[in-house]
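Peer 1: Any chance you can model this:
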Amino acid sequence: MSLLPETTRQVDALVAGAQSAGRTPSLLIGVVRDGALTHLATAGEHPRPDAGLQYRLGSISKTMTATLVMQERDAGRLALDDPLEKHLPGTGVGTLTLRQLLGHASGLRREPDGQWWERAEVGDLATLLAGVSAEKIAYPPHRVYHYSNLAYGLLGGVLERITGTPWADLLRQRVLEPLGMRRTTYAATEPFARGYVVHPWHDTLREEPRTDTGAMAPAGQLWSTAEDLARWAAFLADPAPQVLAAETLAEMCVPVSISDVDSWTGGHGLGLELYRQGERVYVGHGGSMPGYVAALAVHRPSRTGVVGFANSYGFRTGGIGGLALRILTTVLDAEPAFPQPWRPAAAPPPAEVDEVTGRWWWMGASLDLTWDAARGEMVGYVRGERVSVFVPEGPDRWRGRSGPENGEILSVLRDGSGRAVALDIATFVFTRTPDQEP
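Peer 2: Numbers count the residues shown, from 1 in each chain. Predicted coordinates:
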């Protein structure tokens, strides 16, 4: 579904203004809706951007590394609370857990030893590990949010040790090929935009090196296009089950740490950055490498996202990430997603379900239970607001799967004749009338 002309004009104006004021050789922002790249706003001519032109992803690569880790967790080959020592023994930081590393809550220092890894040849995993010791822990775990590129180099090493497959090959086989991301590559592949530093005083360009970051590649190596990154944004909104289960991706979006403890506008899940904009929360990640910046932000409930690239290191007007968030908010404010159409059920629910639907009472407060036949779920409403979902787990037994009852048990209580007379939800007993004793 294409954007309305007025929304398109607003997005194009924001991109044109950002490229001009930000003094970046080329800039593009793509809007993604319902799984497709619906609008591409471009500015600048060095080179002229298009949907198939490669730029560097930088740390957006981390979101794909985290997806590989979650695949291994779902397959039972690791646990998120495994200490690093279990998979990479002898590092000196082995008490840190994989969960802490994924969520930047490990206290691990930001960078590996040696020269700035983004512009240097890091070498292989053994070389990276040789520079890791207990001194690399800057803070006790979970004491503060502290972003760590090194953490993702180590996570890439865990993946290689467990699978016996290099990170780049694993990523191609498990993520890129299944999602059709054929222009997302380890090294730059023509056509690609050269990356620059723009001189602050006379606006000349200095081309930056395109480094092979070796064992640090899982933290920021990849190259991609607007078209491919739009596929990744669509995946984050609605994951392909052959790549990752929907409930696993939802787990990745739960905060592990808050990066802004004063106003709670930002945080980090399992490999995904979280951004609060008013009453909405977006998921995604920013990226930078020498000569490049990138942005990815997705509003999962509306399946709407924004992707972006620029080929200059630094962005004088506050960063491509802020621009992406502003554009995503602009699109959602101007064109909120339509709700899914209501459709009548094809048949009544099973008798044991039908008996439980309707209004129940606890301490004068009502709970309305309805049946969602398409999903096979019971949905609870309080004062017309959807609050909980329950899935069947056995005769007269349901498990909460969202809201305040997530994980709790709903048990149907019956009298001597077998009639359902009450519901026990986590020890709170609901009856059919507000004045009935539980």
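Peer 1: all contacts plus neighbour counts: C-alpha atoms, from now on.
Peer 2: Will do.
Peer 1: Tell me where this structure has helices.
Peer 2: Using DSSP state H, the helices of the chain run over residues 5-22, 61-74, 98-102, 125-130, 149-163, 167-171, 217-220, 226-237, 246-252, 320-334, 351-354.
Peer 1: can I get these in TSV with mean neighbour count?
Peer 2: Below are these laid out as TSV (neighbours: other C-alpha atoms under 10 Å):
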stretch	mean neighbour count
helix 5-22	17
helix 61-74	22
helix 98-102	25
helix 125-130	15
helix 149-163	22
helix 167-171	18
helix 217-220	28
helix 226-237	25
helix 246-252	16
helix 320-334	20
helix 351-354	12
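Peer 1: To residue 43, which of these lies closest?
Peer 2: For residue 43, the closest of these is helix 5-22, at 5.5 Å, according to C-alpha to C-alpha.
Peer 1: next one: phi and psi at the residue most central in space within the chain?
Peer 2: The centre of the chain sits closest to residue 272, judged by C-alpha atoms, centre = their mean, with a distance of 4.0 Å. Per-residue torsions, residue 272: phi -120, psi 140 (degrees, to the nearest 10).
Peer 1: Contacts only, for it.
Peer 2: 63, 103, 252-253, 283-285 (C-alpha atoms under 8 Å, 6 or more residues apart in numbering).
Peer 1: Show me which of those are buried.
Peer 2: When these are checked for burial by 16 or more other C-alpha atoms under 10 Å, the buried set is 63, 103, 252-253, 283-285.
Peer 1: Tabulate these in CSV, adding columns for pLDDT and distance to residue 223.
Peer 2: Shown next, in CSV, are the buried ones among the contacts of residue 272 (pLDDT from 0 to 100; distance: C-alpha to C-alpha, whole Å):
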residue, pLDDT, distance to residue 223
63, 98, 14
103, 96, 23
252, 97, 23
253, 97, 24
283, 98, 20
284, 98, 17
285, 98, 15
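Peer 1: Show only the entries of these found in strands.
Peer 2: Among those, DSSP state E puts 283-285 in strands.
Peer 1: is residue 287 in a bridge, and if so with what?
Peer 2: residue 294 (DSSP bridges).
Peer 1: Please name the bridge partners of the residue nearest to residue 32 when sequence neighbours are not counted.
Peer 2: Leaving out its chain neighbours, the residue that sits closest to residue 32 by C-alpha to C-alpha, 6 or more residues apart in numbering is residue 305, at 4.8 Å. Beta bridges link residue 305 to residue 32, residue 298, judged by DSSP bridges.
Peer 1: isn't residue 305 right next to residue 327, touching?
Peer 2: No. Using C-alpha atoms under 8 Å as the test, residue 305 is too far from residue 327 to be in contact (9.5 Å).
Peer 1: Could you point out which residue ranges in the protein have low pLDDT?
Peer 2: Applying pLDDT under 70 to the chain flags the ranges 114-119, 438.
Peer 1: Can you give me the domain boundaries for it?
Peer 2: The chain breaks down into these domains under automatic domain parsing: 5-334, 351-431.
Peer 1: and of those domains, who's closest to residue 342?
Peer 2: Using C-alpha to C-alpha, the domains of the chain put domain 351-431 closest to residue 342, at 11.2 Å.
Peer 1: What is the end-to-end distance of the closest one?
Peer 2: The stretch domain 351-431 measures 19 Å between its terminal residues, going by C-alpha to C-alpha, to the nearest Å.
Peer 1: And it, how far out from the chain middle?
Peer 2: Centroid separation for domain 351-431 versus its chain: 31 Å, with C-alpha atoms, centre = their mean, to the nearest Å.
Peer 1: residues near residue 81, how many?
Peer 2: Residues lying near residue 81 (other C-alpha atoms under 10 Å) number 11.
Peer 1: State the distance from it to residue 97.
Peer 2: 5 Å.
Peer 1: again, but for residue 289
Peer 2: From residue 289 across to residue 97, the span is 27 Å (C-alpha to C-alpha).
Peer 1: of those two, who's got more company?
Peer 2: A count of neighbours by other C-alpha under 10 Å puts residue 289 above the other of residue 289 and residue 97, at 26 against 20.
Peer 1: can you pull the contacts of that one?
Peer 2: Applying C-alpha under 8 Å, 6+ apart to residue 289 gives the contacts 56-58, 118, 220, 313.
Peer 1: Using CSV, write out every CA atom in stretch 291-302.
Peer 2: Extracted in CSV, the C-alpha atoms of stretch 291-302 (Å, rounded to 0.1, in the frame of the first residue of the first chain):
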residue,chain,number,x,y,z
GLY,A,291,32.2,6.3,6.0
TYR,A,292,28.6,5.1,6.7
VAL,A,293,25.6,5.4,9.0
ALA,A,294,22.4,3.3,8.9
ALA,A,295,19.1,3.1,10.7
LEU,A,296,16.4,0.6,11.2
ALA,A,297,13.2,1.1,13.2
VAL,A,298,10.0,-0.9,13.2
HIS,A,299,6.6,-0.5,14.8
ARG,A,300,5.5,-4.1,15.2
PRO,A,301,1.8,-3.6,15.9
SER,A,302,1.2,-1.8,12.7
